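Novice: Generate coordinates for the sequence data below:
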Amino acid sequence: MSGLSSTTRPLRLAVVGAGWAGHRQAQAAAELDSAIEVTCLVDNDADQARIVAAELGIGRTTTDLNAVLADPDIDAVSICTPHRLHGPMTIAAARAGKHVLVEKPMACTVAEASAMIDAADEARVRLVVAENQVYEPSTRGLAELVRSGGGIGRLAFAAVVDGYRAPDPSYEGRRAWLTQPDAGGTGTWMLQGIHTVARMRYVLGEVASVYVREHRTPSFRRPDLEATMSGLLVLDNGLTVWLVQTPEVALPARQAVQLYGDEGVVFSDANGYEQRAGAGAASQRFEYPAQELSSYALELQAFADEIATGRPAPTAARSERRSLAVIEAGVESARRGAPVSLAERYPGI
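Specialist: Numbering: from 1, shown residues only. Reported below is the predicted structural model:
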């Protein structure tokens, strides 16, 4: 295992997967002023790897992940592959003594996520999830607003709505697998809902129970994928949150969060929020401040910091396993038509 300090030399990172996510990870590393050096790009398509590496100035490409895992000059790997490969690749990397940053969702099941965490613990390496939306200005701004109570007071309830209506809905080219279950893809509840749940947990707190139902309109023509998933989450602190994740609706705003408190209300989107303090009061609009670094660079920085200091990142594996548990419990709840208690379904996590 590499126990390097971020003050001694750059973290030497191999990015596994030369698609959209791997490309974005390598771009993000370039924002960090040499704190992280992408030294190798791994992909089973050698031509694609060479094209992306040439564009981003990465000196080495390979199709052989095992060779990378055996290389002592590699400190860590960023796994940006189809979801079904996250588990086996993470476990192999951990056993090889490499720290791991794995794209969201960290696994396809909570059981698989637990096996990944166990492998990292046994190898004494760090495992962090690339859940960039926790590092977005809107997420951090809302969390601070809730913690301070400024203009809201004590929360009475909340609503979180996200999703988008894609043309098919599908992706094109190398990203087509994202909505193809046979290729390791998923529907909206896992693919985008894991983002929504991670943000919600960061802002509002941990989830105690999940009650979710599915609804589909005739225009949704993918019988192999879930349509709109909506329901009630009860948090450990007793707050009730109405959560919706939809691929069917062209929403007026992404990442819509509504907070209702005993002193005021807040309607937030990805760019800012509208605040109204009390009945009849005029609303005020506030924009979230711009960040110097992208959320993708911030998640990489958090990964490097966890390696250097041992302090868990905001999206450390144990935290994001809980996001995955909410998603998995939602599927079970929709199937059974009943609430699912996370403490009963997943004791110990």
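
Novice: Identify the residues contacting stretch 155-166?
Specialist: Contacting residues not belonging to stretch 155-166 are listed as 146, 188, 192-193, 195-196, 199-200, 204, 228, 239-251, 254-262 [C-beta atoms under 8 Å, 6 or more residues apart in numbering]. C-beta coordinates here come from the backbone N, C-alpha and C atoms, glycine included.

Novice: one more time with 6 Å, if that's ok
Specialist: For stretch 155-166, contacts defined as C-beta atoms under 6 Å, 6 or more residues apart in numbering pick out 196, 200, 239-250, 255-261.

Novice: got it, and stretch 250-259?
Specialist: 138, 152, 158-162, 165, 266-270.

Novice: Equivalent analysis for stretch 25-36, please.
Specialist: With C-beta under 6 Å, 6+ apart, stretch 25-36 has contacts from 10-11, 13, 15, 38, 56, 78, 80, 293-294, 296-297, 300, 304.

Novice: List only those of the residues you listed flagged as buried.
Specialist: 10-11, 13, 15, 38, 56, 78, 80, 294, 296-297, 300, 304 (16 or more other C-beta atoms under 10 Å).

Novice: how about those residues in TSV, adding pLDDT, secondary structure and distance to R276?
Specialist: What follows is the buried ones among the contacts of stretch 25-36, written out as TSV (pLDDT from 0 to 100; DSSP: H, G, I helix; E, B strand; the rest coil; distance: C-beta to C-beta, whole Å):
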residue	pLDDT	secondary structure	distance to R276
P10	93	coil	47
L11	97	strand	45
L13	98	strand	45
V15	98	strand	45
V38	97	strand	46
L56	94	helix	45
S78	98	strand	42
C80	97	coil	41
S294	97	coil	31
Y296	97	helix	33
A297	97	helix	34
L300	97	helix	37
A304	97	helix	41
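
Novice: What lies in contact with stretch 126-137?
Specialist: 99-104, 106, 120, 195, 198-199, 202, 288, 291, 295-296, 298-299, 303, 306-307, 313-317, 320.

Novice: Try it again at 7 Å.
Specialist: Stretch 126-137 is contacted from outside by 90, 94, 99-104, 106, 116-117, 120, 139, 195, 198-199, 202, 288-289, 291, 295-296, 298-299, 302-303, 306-307, 313-317, 320, using C-beta atoms under 7 Å, 6 or more residues apart in numbering.

Novice: Among those, which ones are in helices?
Specialist: Counting by DSSP state H, those place 90, 94, 116-117, 120, 139, 195, 198-199, 202, 295-296, 298-299, 302-303, 306-307, 317, 320 in helices.

Novice: does the residue located most distally from the centre of the chain belong to a helix or a strand, and which?
Specialist: Ranked by distance from the centre of the chain (C-alpha atoms, centre = their mean), the top residue is G280, with 37.9 Å. Taking DSSP states H and E as the definition, one finds G280 inside no helix or strand.

Novice: Look at it and report its pLDDT.
Specialist: Per-residue pLDDT puts G280 at 70.

Novice: same deal with A76?
Specialist: Looking at A76, its pLDDT is 98.

Novice: Is it correct that it is in contact with P10?
Specialist: No - here A76 lies out of contact with P10, judged by C-beta atoms under 7 Å, at a distance of 10.8 Å.

Novice: Show me the shaky parts of the stretch 101-250 of the chain.
Specialist: For the stretch 101-250 of the chain, residues meeting the criterion pLDDT under 70 lie at 166-170.

Novice: related to what we said a few turns ago, can you tell me which of the contacts of stretch 155-166 are in strands?
Specialist: 240-246, 256-261 (DSSP state E).

Novice: nearest spatial neighbour of the spatially most central residue of the chain, skipping sequence neighbours?
Specialist: The chain has E131 as the residue nearest its centroid, 2.7 Å off, counting by C-alpha atoms, centre = their mean. Distances taken as C-beta to C-beta, 6 or more residues apart in numbering place T315 nearest to E131, at 4.3 Å, with adjacent residues excluded.
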